[in-house]
Structure formats: C-alpha cells, structure tokens
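In: test case, fold it:
(2 chains)
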Protein chains: 2
Amino acid sequence: MNANPKFLSATATVDAAAIAPLPNSRKVYIQGSRPDIQVPMREISQSDTPASFGFEENPPIYVYDTSGPYTDPNAKIDIRSGLAPVRANWIAERNDTEELSGPSSAYGIERLNDPKLAELRFNLTRLPRRAKEGKNVSQMHYARQGIITPEMEYVAIRENMQRKEYLEKLRQSGVMGNKLADLMGRQHPGQNFGAAMPAEITPEFVREEIARGRAIVPANINHPEVEPMIIGRNFLVKINANIGNSAVTSSIGEEVEKMTWAIRWGGDNVMDLSTGKHIHETREWIIRNSPVPIGTVPIYQALEKVNGKAEDLTWEIFRDTLIEQAEQGVDYFTIHAGVRLQYVPLTAKRLTGIVSRGGSIMAKWCLAHHEESFLYTHFEEICQIMKTYDVSFSLGDGLRPGSIFDANDEAQLGELKTLGELTQIAWKHDVQVMIEGPGHVPLHLIKENMDLQLEQCYEAPFYTLGPLTTDIAPGYDHITSGIGAATIGWYGTAMLCYVTPKEHLGLPNKADVKDGIITYKIAAHVADLAKGHPGAQIRDNALSKARFEFRWEDQFNLGLDPDKAREFHDETLPKDSAKVAHFCSMCGPHFCSMKITQEVREYAAQQGISEIAALKKGMEVKAVEFIKTGAEIYHKQ
Amino acid sequence: MNANPKFLSATATVDAAAIAPLPNSRKVYIQGSRPDIQVPMREISQSDTPASFGFEENPPIYVYDTSGPYTDPNAKIDIRSGLAPVRANWIAERNDTEELSGPSSAYGIERLNDPKLAELRFNLTRLPRRAKEGKNVSQMHYARQGIITPEMEYVAIRENMQRKEYLEKLRQSGVMGNKLADLMGRQHPGQNFGAAMPAEITPEFVREEIARGRAIVPANINHPEVEPMIIGRNFLVKINANIGNSAVTSSIGEEVEKMTWAIRWGGDNVMDLSTGKHIHETREWIIRNSPVPIGTVPIYQALEKVNGKAEDLTWEIFRDTLIEQAEQGVDYFTIHAGVRLQYVPLTAKRLTGIVSRGGSIMAKWCLAHHEESFLYTHFEEICQIMKTYDVSFSLGDGLRPGSIFDANDEAQLGELKTLGELTQIAWKHDVQVMIEGPGHVPLHLIKENMDLQLEQCYEAPFYTLGPLTTDIAPGYDHITSGIGAATIGWYGTAMLCYVTPKEHLGLPNKADVKDGIITYKIAAHVADLAKGHPGAQIRDNALSKARFEFRWEDQFNLGLDPDKAREFHDETLPKDSAKVAHFCSMCGPHFCSMKITQEVREYAAQQGISEIAALKKGMEVKAVEFIKTGAEIYHKQ
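Out: Next up, the predicted model:
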C-alpha cells in the first residue's frame, strides 16, 4: 500500500493516486459575495441520450467535492509546502486574533527545538494564532452576534450544490420543455422525524443553525487551509474517516496518503487517531495538507507523555496537549468528559466492558484516584481554550457499547445525559459542540439512541460510530455498521464515523479506507433520501436515466466509484463497443429487460399513454389513471 | 475463477474450495424421531477462557449449516453421481406418487434423446415421479390434513439450532453456575411488528404455519437430495443466491461451483437464472448436486424455445416447460402472473420502465396480443402442475421498480394486489406460495411495502430483492441493498434475495457470490436480532466474549467468514503468538482499551461491584444500581 517506511520531509511527495482526475469530471468554483469565496464542486458531464431513446441533452450534474485542490489540475500540489490558506484573510480581517511568536505549549516548544526531529518535521513558516485577550473567535460566537462569516456563506453555497442551476439548465435545454426538469428534480417526500431542511440553504439559515447549536462549522483559526463544511441534522449527512498509525505499524507518509485518499472518495472530515511515535509531527503533516477539518483525541497523546500510565495523567499535561494541538490547527477534539466516576462500575457488568480507548483511560484514572475525572472538573477551563482557537467539542462517548449485549445500557445512557449537561456549559461559552454516539446497537434499538440524544443534548449534532448492528461478521464491519449508519442518519444523525473492514482486526490500509468511505457515502446518501433532503434524489435520477438509456460511461461516472464500476463491467465486456451496447453480460444481447421495456414504451407511446414518450413528441397528455378507474383492460386513447 | 470452458460430464469434479473443512468446525447430525431424520448443523468449538480472565470452559456453539454433505469429511462427494437422496424414502412411503417411465415433457424427451448432448448430460439413473392421479403431494396439503411430515420435523429441529443444548452445557460447566448460561443466552427483547416466534419450534408449529400459508417448505418430490428448510416470518430469515449463465459468459461447471460456493457461505436457496445455451443440462447438474432448494424462472427457458420472441410464447410451450422443470426437481418457480395487461401502460410513465426480465417478457406479450397474460388466465392449471410435484410458487414482481424514482408506484402496488388474489387461488389448491418484492426503494418507503404485502397477501412469505436504497453506487449494490434487506427483514420479510457487487454491471463470479452471500447473511441476522428471534443473540454474545478475552482464533471462527477475518488480522500480525496476544495492530500492545477495561473490572471486583467478576469468585452479589440511587460518587461496598 505505498508504504513509506523511510519518510523524510525533504523528499515527501504526494500520492499520485490522489491527484489523478476523476473521469469526465471538472473542478469548478462557485463564487460567493466576494471574490475570495470560491466554493469547489465537481461537475460531471454526461453524454447525450442516444437517438433511439429520443435525443436529449443531459446537462452536467454537480456533486459535493471534498477532495480539495488535489483534484484541481491548476493547483500546484507540494505536500512539503502544504495547501494554500484559503481562510487566512477571513481570519485576519476579523481582527480578533493575534500572531504568536511561536508555539505556546511546553510540548510544542520542546518538539520544535529537538534537532533529532528535523528530518521528519513539516517546514511550517507561518506562526500560530490565538484570540486576543478577552475575545471569542468561535463561529458560534459570531453567529450569536448576528454575524454571517465568509465561512457561513461558503457552506451555504456548498450545501446547495448548484441544484437550482442544474434544473434551470434542464429547463433551458428545450428538448422536453420544462417537463424533463420537473421529472429529473422529482423526489419522494421524506420522513424527517422533525428535521427542518429548507429547499435552499441561505447564509442566514446557516448562521441561525450555528447560533442555536444545531450545527457546527469546525474551523480552527490555525487551520486556514480548511474548506469550510457544516455538520447538522438540517444539512447533508456527512462522514468522517479515521486514520492514524499505532505503535505496531505505518508511517507519517502512509497516514498523509490515507488522508488524501479518504477525501478523494468523499471523506468530509478526518480524525487522526495516531497513538505511536511522532504523533505531533504526523499531525502537522496531515493538517497542513488537509482541506477537510481534522479531529483528534488529545488524551491519546497525553497518555504517551506519561508513558502509557493512565493514573499519571494530570490536568496540566492534558491542558498543555490541548494548546499544543489547537495551535497546530486541530478543528475538533474528542473529549471524554462524560465518563464520570459514578458510571465506571456500571461497566463491570458488561460483556465487553469499555471499548473506547479514551473512555477506558479516563475510567482507569477515575478509579485509581477515586476522584471525578479532570476532564469533567476542568470543563469550563477547556471551554476557554476551545473558544480561543475555535476548536469544536466532539463530546466523546467513552462508555459506548462494544457489543450488542451491552447496547443502550445504564452506563451508556447515563453518560449521554451528562454529555447533554456539558453541552449547555459549552454553549454558555459559545463553543461549538457535537456529541459522539455508539457503537454496537441492534437495529431496533437505534431509534432510542437518536431520540434520547435529540432530547437530552438539545439537538446538538450527533456523530455516531456506525452503529454496528451485529457482532458476528469480523472482516465485514463496514457493512454491519453501514446498515446502522444509514438508519441513524435517517433518524437525524448529522455525521457518520466510518468503520472499515479491518475493524476489530487491524489497522486499515488504503484499500480499507476506500471501502469504508464508499460504504459510508452510501449510508449518508441513503439517509438524505429517506429524510427527503431537498434535491438529494437528483443524482439517483440522473444515474438511473443513464442506466436505462444504456449510457454506460455516464452510469459509471455518476456513481460513487467510477473506477470500480468500469472495472466490473469490463471484466466480462472489455471492448469499447460494449460501452454503448444495449445490453450487458448479466443477460446477454438477446435478453435485456430494459431493451424490452423500451419496446413497451414505444408501443405505449403509439397508444398515447406514456407521459415521457408523449412529452418527447411534444404532446400534451393527461395522466391516465388505469387502476383508479378500475378498468379490467386499458382503454385505447 | 476456476472456469471450466470445456465442461464434460465424464471428467467433472467438485470444486476443492467447496469441500475444505471450516476451521474448528465439525458437521454434526441431530437425529429426529426416526433414524432417517438426520439434521445437519455446524458445531464450532472454542478454546477456554485464559486464566488471566478467570478460567472458563466455552462449550461449542451450533450454527445453521446450509453447506450439505460437502463439508462432511465422511461423505463421498462425486458430482457426476450427485448427492444422496435423503428424502427418497419419505416420498416413497407416503405412497401418493408414481414413478414415470421417463420425462413426460416434450422438451425433456427431446433433450434426453439428443446424442449431441451426451457428453454434457448428467447421468441420472433415477426416474422422475409425479403425484398419482387425483393426489396432491404438497407440504401444504399434508399440513392441512394435520399430517406432520418428516420434512416438517426436520425443519423444526433445524430451526432450533441446539440452542437449549448449548445453554444446558453452559449450565453444566459449573464454572460460573447457572449465571454464565443466563448471561450468554440473554438478548434484547425485539420489535417484531406482529411476528409470532415461539421460543422453541415444534413440528406442530411448523405444520400450523405451513397450513395457514405463513411459511413454505420448498421440496419438489423430484429433488429428494434437498435438506428441508422453511421460509416464513416466524422462522429465521433466509437468503437466496442467484446464479446462472448468460449467452455471453460462463459454463455448466462454473455454475455448479457457484452453487457449492454459495451454500458453503450460507445460501439457503439458490436460483438458477441461466439464459444461455444448455439451460436444461445446467439445471440438471445443479439440482442433482444441491442440498438446498433450487428455484427458476421458467419463462426464461420458454423464451429460448421461441428464439427470444416474446410474442411467440404460448401457454402450451410454457406448460411443457413447467413439466420439464418440475420433473427435474425445481423446488419453486418464479411466475410473473401478476403482470396484468392493465398495469403495463402504467410503466411507461416510469424513469426506468420494467426491469424484471420476466415482467418485461410478459408485458411485451400482453401488448403484442392485446390480451390478458396466459400466466394469469391459466393460473389454475399452473396450480394443478404445482401440486402434482410440490413445486412452490414464487409469485414474481414483474413490475418492481428499477430506480428510486419508480418506487412504490401504481404499477408496482397494483401488481402486489393481484399477487394477493393469486395467493388465494393457489391456497385453494393447497399450493405453497411466496411473494416476490422490490427492487429499488428508499429507506423510508420500505415499511409501506412490507405492510401492504402482509395485508394484501395474507402473510404469505415475502421474498425481496434487496431492496436497494439508492441508485448511485454501481459496484457496491450488495451494500445499497444490504441496508434495505436488513430493514425489510426486520419488518417481516422471510427471505432476502441477495444482490452482488456486480449488479447492473455484469455476471457475478465466485468472489462476487461470496460477497453477496456474506452481506445477506449479515442482513438476515441483523433482522433476526431486531425482531427478537429467540436465541438469535447467542452467536453475537459468544463472539463478543471471545473478542473481549482476546481469543483471536475463536473470534475468527465464530464469525461469518473465518478466512477473511484471519487474513485481515494476519496482514499486520502474522505470527502465531499474536493469536493469543492481548492486543492487535489497531492500537498496539500498550494501548488497548479492552486490556484497560479488564483492569477496571478487576478493580471493580475488589470493590465487590462487578457482577461477572464477583460470580467468578463464587460471590453472591446484588446488582448495584448507581444511577438509580442518584449518588454522585459510587459507594464502596
């Protein structure tokens, strides 16, 4: 998997697979109210409908693009320099931050001055920033002041995904008048369980949602390279990819490649969960090259600093770690402040105890000291740090169930209640919050998780790991959890943390990362469709139309993974001629139901009974309601 | 993929991969009320719990075994001779069938007498049977007479899966007294939507369910090799694998290998959807070597007989095909008798028209002749044939939606209503029926499908293809549909027809078959857990316990795919020592949450607050309910 065991900063190069263009795709930028708001999207062009189906132009469709400048052929990519700081000016012009003379954490200074790390270190020339004394630089704070930041406008444009423009182009194509646009924009009304998704996202709506805590825009002032994105139940469901090395395996270079690979396929966020050596340096490389928000679990690194002895952790070491990471630009911190002493013994009744690493560390600390966790007792001080850099909370579910047996138990649900209390405290500080969720949960108990979270955490965005809906398929937990993820996304979860096929078995490689990402893109989109997210069905409609019209290339390219679709098709029919053939190897040339359907449609059109076919003939047809008339045999028109 | 392009009957051999033993597994047979009822199961042995966790014996668990004699080292496998006819005596002793002098269909006779086919032909020495004049040999007919057949007793034993015996062994192990058995047998109460699953399946319950049409046992009298299985909402959710060649690709040998491969991984049923040359001969090879029921779509072959011209189809050709296939031993026929003339024009309004091959053939016939389909008009005659051989109906959903756009439309729901009417007719003849379902359906519209089916088809078993919950992931439709399959299984679907990653793109090879099967085994089990199927959680509990105790080999072996789990684990930690290590490459040796949890548990045990740990010490402990007391800090005991 392109391992770089001898990773050296002087020779680091981008993974060639990350910068290859996607087929028939073009990076476009939609400009906002000012020239420096340039929102990226991927435009996928389509071929025309073949004459045999009645010629039609199929305008390009736009899809959400998380891949950053890597897929822009005009961008100069050099991972040794990192990405361009697209937000730098927005941050500077708010005039509420100051440049530091260097890192202010003890550990940050120590690493910077360690000559042994020189050959590994990312060469960052920019200095870290923090809020000026007394200032709060969180997006939530601005939102509550009534300020629409460029970040907010950016995500509004991004969420709308040029849907209006696409449908307008369909209207203008004139081939079928407005009817084709109506057909291709049509979708099933969803079941939204109380979500409130407007047909068009305005910057003001974004501001309101952030102000009331129902959405977050993770965007540390020290991560100016980030392309802003939003997480909330009234926006598109997002996905997170976990990467990170462990003491056993993988290098800095491999982790950077996993990040660029994950965002290529649709990762909206990436968490760096490294636990091995060089956590600090690995993180720097990832952040500087990441256009998506980066999350971490700071307690992992704090534990390394005390040589793995949980009982030796202190608030001071943890605090220094938060500042170290905040000044590197981490956009959200998982903090397991809900693991309270009183909940710990409850886990001893479980089949699989505590499976969250952060949770188990804090549980051990609590028991060893027989004290309430320092994350809980120092929570307001943590909030002070968060608002100084605009780091968002991801309140960790340290007591999430690790097996179906333990799902929805007292320990888990007790912690959830505490996370709700902590949410209120964070919001008092105008600090952005999302809530982490399980874990392993059988399908019928997922709703309870979502309902309790909405109620007890006041609609703060839910961010769940799966959940896995059975324990019996090691090697396939992307699937056991994809089922749960689609379901909980439908119910209202804002972001789904992927699970790869390697879960429970080993550290994912690039192939696993892609399998996890695609599975979760599916889950998120299935949830959007089920919620009735406005416009969500456009891509399904376009792909199905391409499929029906045997536009094979378009079918591949409109899908989540054009490479895989093409590869599968070509396994049996590799010739170019097969890409326009009116059959595939599933049925062979003489036996295609879609082909026969086309004949049925033509026949029906002769009878004047096909809406679509009639439209193509420019006829005005009233829908014929056969079933409702109860006619035994249909009536010729 | 072990292609056998030069398949010859004289040299045909079994796929070596199909007969390799599964790790730590043993084929056992549970005897019924008579010595010739021998119900196969797979017994998976486990290692003991390591002393560091408190020594415990972990008795073997039993899993449902669809693999037939192939995984029995004592069975003599020769695919040229086929499997032993385990049901032959049961059929004979009922004394209601007669042996024919040879095939009675015109086509069957023609193929038998064609010397060019000699080198391809399976050498069947047994003669076909049919019901004696005036007799009805369906399992439903016996059930309604109050007769419990050996087939019914067999499936009762099979469904119980030795759960009582497993829990009894746990009780007897004495290590933790009865408590361990209680823990390991514990499961969440399900949400069953009106299913009625008894804790123990009795032969009488099986009979009742078949008699009222709520379950079927597909078991053609000419398929005596079949190991009986049951399909119904009050039994374990089953899965079907589609195989079959097309005009473009694959040979007889490949299809036999796909069948043995599919049942190795858990296929409960196999449908042979061949459309290419030698359909008759391919089917014979598959049936003679299949321990699972085989389904077909007879109209495919009928169409071949009229050179692909749907309008040339006649009732006579179709009838001859039914008899031809019934005498070979096909256990269920998909028959698209619900595609009525009045529904056909409704599909012209669709985005993707008719995507069922059978449906499109019948639609074309209806339009060409401007007549009601001969499947509909001759339905009672079809019932006569079905009860003569005990072939079950799988009433085809010829108008299932082929895209999210078309889901739950008038055409689809109109056909469903007709299928309900046909169910009543079939039941009048005591013919077993299941109902096929969609297709492409967004997640939130799946429930409507299930509810309508239960109501309009009177709880006849529902058998759905997926449904696929989005159209945008060609290459991953096992996953888009696995999400829908788990969901509809939970709601009450009795059998899930798998979708492979190659769906929409090409014909599945063996790797695709396995991916489809495992995904659907997951979906079926997720549904069983969510419904609260008695004992469904035993395997999850056992696997999670093994996981928590770092019994790596047991974790692999208890899973659905031990080979894949082991392979993934060994990618990073190949040494044998890693199989007993208290860590994996996900976190490395110094950072395992499960290890830390063990320390928490030990600590809690010292305080007398862990149920499990205390049990191991032989203590009687009252559960300590910390949250309920509202204590801020837990109380030492």
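
In: next one: whichever strand or helix holds A:Lys258, is it in contact with chain B?
Out: Using DSSP states H and E, the element containing A:Lys258 is helix A:252-264. No. Using C-beta under 8 Å from any C-beta of the partner chain, helix A:252-264 stays clear of chain B, coming no nearer than 12.3 Å. Placement of C-beta: from N, CA and C, glycine included.

In: helix or strand right after that helix?
Out: strand A:269-272.

In: quick one: strands adjacent to that following strand?
Out: Strand pairing for strand A:269-272, using DSSP bridges, gives strand A:238-243 (parallel), strand A:294-296 (parallel).

In: then the longest one to PDB, C-alphas only?
Out: It refers to strand A:238-243. This file holds the C-alpha atoms of strand A:238-243, laid out as PDB (Å, rounded to 0.1, in the frame of the first residue of the first chain):
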ATOM      1  CA  LYS A 238     -21.500  13.900   6.500                       C
ATOM      2  CA  ILE A 239     -19.000  11.200   7.100                       C
ATOM      3  CA  ASN A 240     -15.700  11.000   9.000                       C
ATOM      4  CA  ALA A 241     -12.800   8.800   8.200                       C
ATOM      5  CA  ASN A 242     -10.400   7.700  11.000                       C
ATOM      6  CA  ILE A 243      -6.800   7.300  10.100                       C
END
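
In: what residue ranges in chain A score low on pLDDT?
Out: Applying pLDDT under 70 to chain A flags residues A:1-5, A:174-178, A:246-250, A:582-595, A:603-637.

In: any idea which helix is longest in it?
Out: helix A:510-531 (DSSP state H).

In: residues of that one that come out buried?
Out: Under the neighbour-count criterion of 16 or more other C-beta atoms under 10 Å in any protein chain shown, helix A:510-531 has A:510, A:512-531 buried.

In: what about it and chain B, touching?
Out: Yes. Under the criterion of C-beta under 8 Å from any C-beta, chain B is reached by helix A:510-531 at A:518-519, A:521-523, A:525-527, A:529-531.

In: check which helices and strands that helix is in contact with.
Out: Counting contacts by 3 or more C-beta pairs under 8 Å, 6 or more residues apart in numbering or on different chains; DSSP states H and E, helix A:510-531 packs against strand A:238-243, helix A:252-264, helix A:477-491, strand A:495-497, helix B:477-491.

In: A:Val137 and chain B, how far apart?
Out: 33 Å (C-beta to the nearest C-beta, to the nearest Å).

In: any idea which helix or strand carries that residue?
Out: Short version: A:Val137 belongs to no helix or strand, going by DSSP H and E.

In: which bits of the stretch 51-200 of chain A sit near chain B?
Out: A:183, A:186-188, A:190-191.

In: just the buried residues of these.
Out: A:183, A:187-188, A:190-191.

In: follow-up on the earlier one: save the helices and strands packed on helix A:510-531 as a markdown table, and put in mean neighbour count and distance to A:Phe548 too.
Out: Formatted as a markdown table, the helices and strands packed on helix A:510-531 follow (neighbours: other C-beta atoms under 10 Å in any protein chain shown; distance: least, C-beta to C-beta, whole Å):
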| stretch | mean neighbour count | distance to A:Phe548 |
| --- | --- | --- |
| strand A:238-243 | 26 | 29 |
| helix A:252-264 | 26 | 29 |
| helix A:477-491 | 30 | 25 |
| strand A:495-497 | 28 | 30 |
| helix B:477-491 | 30 | 16 |
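
In: so which of the ones you listed gets nearest A:Ser45?
Out: Closest to A:Ser45 of these is helix A:252-264 (C-beta to C-beta; 19.1 Å).

In: how much distance is there from that closest one to the middle of the chain?
Out: For helix A:252-264, the distance from its own C-alpha centre to the chain's C-alpha centre is 15 Å (C-alpha atoms, centre = their mean, to the nearest Å).

In: who are the packing partners of that helix?
Out: helix A:16-19, strand A:238-243, strand A:269-272, helix A:279-288, helix A:510-531.

In: pretty sure A:Arg319 belongs to a strand, no?
Out: No. A:Arg319 is assigned helix when assessed by DSSP: H, G, I helix; E, B strand; the rest coil, not a strand.

In: show me what contacts it?
Out: Counting by C-beta atoms under 8 Å, 6 or more residues apart in numbering or on different chains, A:Arg319 touches A:378, A:381, A:385.

In: the first one touches A:Thr314, doesn't it?
Out: Put plainly, it is A:His378. No. With contact defined as C-beta atoms under 8 Å, A:His378 does not reach A:Thr314; the gap is 10.4 Å.

In: with neighbour numbers in mind, choose between the two.
Out: A:His378 (17 against 13; other C-beta atoms under 10 Å in any protein chain shown).

In: please tell me how far that one sits from chain B.
Out: 17 Å.

In: measure that residue to A:Asn136 for me?
Out: Distance of A:His378 to A:Asn136, given as C-beta to C-beta, to the nearest Å: 19 Å.

In: please apply the same query to A:Glu204.
Out: Counting by C-beta to C-beta, the gap from A:Glu204 to A:Asn136 is 21 Å.

In: okay, domains of chain A per the record?
Out: A:203-536, A:546-629 (the TED database).

In: for these, which one ends up most surrounded?
Out: domain A:203-536 (a mean of 24; mean count of other C-beta atoms under 10 Å in any protein chain shown).

In: now find how far off-centre that one is within its chain.
Out: With C-alpha atoms, centre = their mean, you get 12 Å for domain A:203-536.

In: do stretch A:58-77 as well
Out: 16 Å.

In: buried residues in it, which are they?
Out: In stretch A:58-77, counting by 16+ other C-beta under 10 Å, buried: A:58-72, A:77.
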